[in-house]
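Chemist: Give me a 3D structure for the following:
(chains A, B and C)
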Amino acid sequence: MPHGPFRLAEIVARFGGELVGDQDVVVRQVGTLAGAGPGELSFLTHPRYRNELAATRAAAVIVPESERGATVLPRIVCRDPYAYFARVSTLFNPPPPSVPGVHPAAVVSPEAHVAPSASVGPTCVVERGARIGEGVALAAGCVVGAEATIDRDSRLHPHVTIGARCVVGARAVLHAGAVIGADGFGFAPEGGEWIKIPQVGRVVIGSDVEIGANTTIDRGAIDDTVIEDGVKIDNQVQIGHNCRIGAHTAIAGCVGIAGSTRIGRQCLIGGAAMIGGHLEIADRVVITASSGVSKSIPAAGVYSGALPAIDARAWRRTLALLRSLERLVERVRALERRLTNLERPR
Amino acid sequence: MPHGPFRLAEIVARFGGELVGDQDVVVRQVGTLAGAGPGELSFLTHPRYRNELAATRAAAVIVPESERGATVLPRIVCRDPYAYFARVSTLFNPPPPSVPGVHPAAVVSPEAHVAPSASVGPTCVVERGARIGEGVALAAGCVVGAEATIDRDSRLHPHVTIGARCVVGARAVLHAGAVIGADGFGFAPEGGEWIKIPQVGRVVIGSDVEIGANTTIDRGAIDDTVIEDGVKIDNQVQIGHNCRIGAHTAIAGCVGIAGSTRIGRQCLIGGAAMIGGHLEIADRVVITASSGVSKSIPAAGVYSGALPAIDARAWRRTLALLRSLERLVERVRALERRLTNLERPR
Amino acid sequence: MPHGPFRLAEIVARFGGELVGDQDVVVRQVGTLAGAGPGELSFLTHPRYRNELAATRAAAVIVPESERGATVLPRIVCRDPYAYFARVSTLFNPPPPSVPGVHPAAVVSPEAHVAPSASVGPTCVVERGARIGEGVALAAGCVVGAEATIDRDSRLHPHVTIGARCVVGARAVLHAGAVIGADGFGFAPEGGEWIKIPQVGRVVIGSDVEIGANTTIDRGAIDDTVIEDGVKIDNQVQIGHNCRIGAHTAIAGCVGIAGSTRIGRQCLIGGAAMIGGHLEIADRVVITASSGVSKSIPAAGVYSGALPAIDARAWRRTLALLRSLERLVERVRALERRLTNLERPR
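Modeler: Residues are numbered from 1 along each chain as shown, chains lettered A, B, ... in the order given. Just a heads-up that it's a prediction; the model follows:
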């Protein structure tokens, strides 16, 4: 349900930037430089895409100051074309409207509270004591546990599970299959078997958080697991009990974070990174994709540990050399001794 | 609901191969060499299983040409016993039949189109404009979003989510909990926070694709994410927005593929391999299990980068040596200098 | 719904240990040393937490024999404070009671058998021939396939899928989104395409097993996949077809185990470890987090292979050195030759 169309002048009036060229050009959707057609607004973030800019069929483009002269198309010159594009795309592509009210095929406890403007989709289950805030939209098949709270304007995609007593802040987006508030993995060993430790903490999620499809965030063992405001989490991420994720940190897909780890604000955790338990990661730390973190990181910076795949035979040789490194060090030590011997004046 | 039984002669009439021994032997199910009992048909793919062949209680076996004489049991000699076995097993074990029609506990929009021969299970939700093709079977709890399309004879297991406008081709098998068409992970950074970029592309899946349990495939940001014909994807795989997976490529469990990466045709991606974003992987590339790919791979071949676990103490020594490699290189350089000095004629 | 409160004397009467201090102190919940308030019972497992013990506001603590004198608070002295705490916490925090009976919004086949004391939640689907045992609780949205069995007192959280004919033992806990019995990933290659091999085995799960959110365990290809008694599996674990996991083994989050691998009893598999297919892992093997296993492990012990992330520039240098290891070995060999030459008597 795209909105619009809009004249470029209307867009600039709304979002700022400088309009160069025909201000009456009308655009109705966004597009990539390569894929945009007539009536579409595209964007250039980097000079390396100038070739695509030259060939684009877009009606207009968003460009940075440095590329002001890089096209003759109508253009919006601004400081940050990618952020500008995000805003314009949101204007053209608002989330689909949801119909307020409880679908007749939903099951809502009489002891739950659903705000009048909230939408509860078919086959949803809202348990006793749960609170669904104004403007919240639950897509089909969501389960909101007893005494859980979902704050205003949050949007849950199909099959999201919110465990009992958990809290989801305002304007959250939770994608399909996400599980918030399953039990943490807590067992005490005794005599070769395991005794389950009840997981009585909650998951508490701040405002403006996005959580990807099939991501799981466990409830705390005793205290809570906390996801601060503005955190963005991709698909299939696992966050263990009692973690705290600092505000505006972004976590890419397939990341695992073991229990009781605290990650700072504005961190970037690359895809498939694995972070051990009981660690402290400082603010503004970047972990590159596929890296493993087994020690606390006390200072901002970029941290890596991933091995890029190479030709399999070359990799086998490298592995063999790695296995024989100890022997190589001994050989160097022997050489040093022999050489010292030779160098000695006779 | 196994079909059969069949006489060996009937099986050979159907699938080819040469029958050696009693053609009237009747088999009613397949089995492993070790586990098969009377009335079961087993198979041998490799001479290393000859001991198991000798001990098998199977009624008959499928063998390659080279093993024609390896047993006195009735046997079907063929070029590729594993493929032959797959066909026979499919004969004995067809998918369970589904009952055409919409279950009374399903919720189907009056503006959706469900083919008469399709089966929509209990607690399924089919939204407005969705199209469910002939012979499609939706198990319990599936959600098909607005204007999504599922082509003929596809089979969705419980709790599969198909996002709005996504397309699933014919004869697909989607396992429980798979999420097709969640939003890609797209945010523009601005002032330490994130602006969401609407994800307006679709997921478009070809024919004869299989997708594993709890696997997630994100919709494109602007253009589509594409899974070509015959692709087989295992459980808990994550495929980011705007990826393209080439025809007949197989992707094992726990693999992650970051956004905008294109993988060629007939590739094999080993379990837990992690592939970075914006890469191009050629046709017929094999990535071994647990390997990370951070650069494009322009040529067919086998690529590796995984570290096999060893005794933990030995591994700690290897890690320490790895950390001191720079120092080792310096020591070798010093040795080279000293030696050159010594070798100089005095 | 915490139970209690209890006097310390009552707790010691129930679970043993020696009570030091006021036996009439009443506690109503457990807490961490740092977070516990009045009326809460905390615990100390290790001397390194003595500072927290000194500052705690807990009403009483559980301590090991060695810390008997480490506090003046009322205390329970016992051999294993963590296991003791697990028992006390279970006393205070029993699982929420479930209401026997089938919710009107559940869909139960008339050919299924549901025990009178079992609870089947709203939007659950129980297919023909399924058996739901005494005291079993199915939360909202669970799907139990045809002829599957769930034994007494097991607890399934929302959206769990149990495939046809699978077996779940007594007292299991299955967390939200877990998928038991999806098809294994079995295809025979033929002419560049794939032929599906029907997966006709089951998943058979023993007693007292816990399985995490969005974890997937595939059914066997021909024989069964087996999870023995007391196994504990965390979130987002993938277990391939025909694996066998030995009794009381614990598997942390994000682990992948490829098909046909047998893992022994009482193993500990660290988070994100990846274990290849067709391997045999002995009893009491410990695999540390993020390690990859590509060969069988015939003996108990600790095995590692993970690379901890370091400063990204240092890591790039290490990678470059790793790539040039072969050259380094050649340089050492050349040095050895030259030195031998020099050492030769002239």
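
Chemist: Please count neighbours and contacts with C-alpha atoms only from this point.
Modeler: Noted.

Chemist: for chain B, what are the nearby residues on the stretch 201-346 of chain A?
Modeler: Residues of the stretch 201-346 of chain A that fall close to chain B, judged by CA under 8 Å from any CA of the partner chain: A:212-214, A:230, A:234-236, A:248, A:252-254, A:266, A:271-272, A:289-290, A:306-312, A:315, A:319, A:322-323, A:325-326, A:329, A:332, A:335-336, A:339, A:343.

Chemist: The stretch 1-150 of chain A now?
Modeler: Checking the stretch 1-150 of chain A against chain B by CA under 8 Å from any CA, the hits are A:30-32, A:35, A:82-83, A:85-87, A:89-90, A:93-94, A:105, A:122-123, A:140-141.

Chemist: Pull out the buried residues from those.
Modeler: A:30-32, A:82-83, A:85-87, A:89-90, A:93, A:105, A:122-123, A:140-141 (16 or more other CA atoms under 10 Å in any protein chain shown).

Chemist: can I assume A:Val329 sits in a helix?
Modeler: Yes. According to DSSP: H, G, I helix; E, B strand; the rest coil, A:Val329 belongs to a helix.

Chemist: quick one, what contacts the closest residue to chain C within the stretch 201-346 of chain A?
Modeler: The nearest approach of the stretch 201-346 of chain A to chain C comes at A:Gly305, 4.0 Å away (CA to the nearest CA). Contacts here follow CA atoms under 8 Å, 6 or more residues apart in numbering or on different chains; on that basis A:Gly305 touches A:Thr288, A:Ser290, A:Ser291, A:Gly292, C:Leu307, C:Pro308, C:Ala309, C:Ile310, C:Ala312, C:Trp315.

Chemist: A:Cys267 too?
Modeler: Contacts of A:Cys267 by CA under 8 Å, 6+ apart are A:Gly246, A:His248, A:Thr249, A:Ala250, A:Asp283, A:Arg284, A:Val285, A:Val286.

Chemist: So the last one sits against A:Ala299, correct?
Modeler: No. Between A:Val286 and A:Ala299 there is no contact, the gap being 10.3 Å when judged by CA atoms under 8 Å.

Chemist: would A:Ile62 count as being in a strand?
Modeler: Yes. Using three-state DSSP, the assignment for A:Ile62 is a strand.

Chemist: domains of chain A?
Modeler: Domain assignment for chain A by automatic domain parsing gives A:6-92, A:101-303, A:312-343.

Chemist: Please work out how many residues are found near A:Glu52.
Modeler: Using other CA atoms under 10 Å in any protein chain shown, A:Glu52 has 15 other residues around it.

Chemist: Assign it to helix, strand or coil.
Modeler: In three-state terms, and counting by three-state DSSP, A:Glu52 is helix.

Chemist: Quick check, pLDDT for it.
Modeler: We have a pLDDT of 95 for A:Glu52.

Chemist: among the contacts of A:Cys267, who's most crowded?
Modeler: Going by other CA under 10 Å, A:Thr249 tops the contacts of A:Cys267 with 28 neighbours.

Chemist: list the contacts for it?
Modeler: Contact partners of A:Thr249, counting by CA under 8 Å, 6+ apart, are A:Gly230, A:Val231, A:Lys232, A:Gly264, A:Arg265, A:Gln266, A:Cys267, A:Leu268, A:Ile269.

Chemist: Might you report the residue contacts of whichever residue of the stretch 51-200 of chain A sits closest to chain C?
Modeler: Residue of the stretch 51-200 of chain A nearest chain C, by CA to the nearest CA: A:Ile197 (4.7 Å). A:Ile197 makes contact with A:Gly186, A:Phe187, A:Ala188, A:Ala221, C:Phe85, C:Ala86, C:Arg87, C:Ser89, C:Thr90, according to CA under 8 Å, 6+ apart.

Chemist: out of these, who's nearest A:Gly135?
Modeler: A:Ala221 (31.6 Å; CA to CA).
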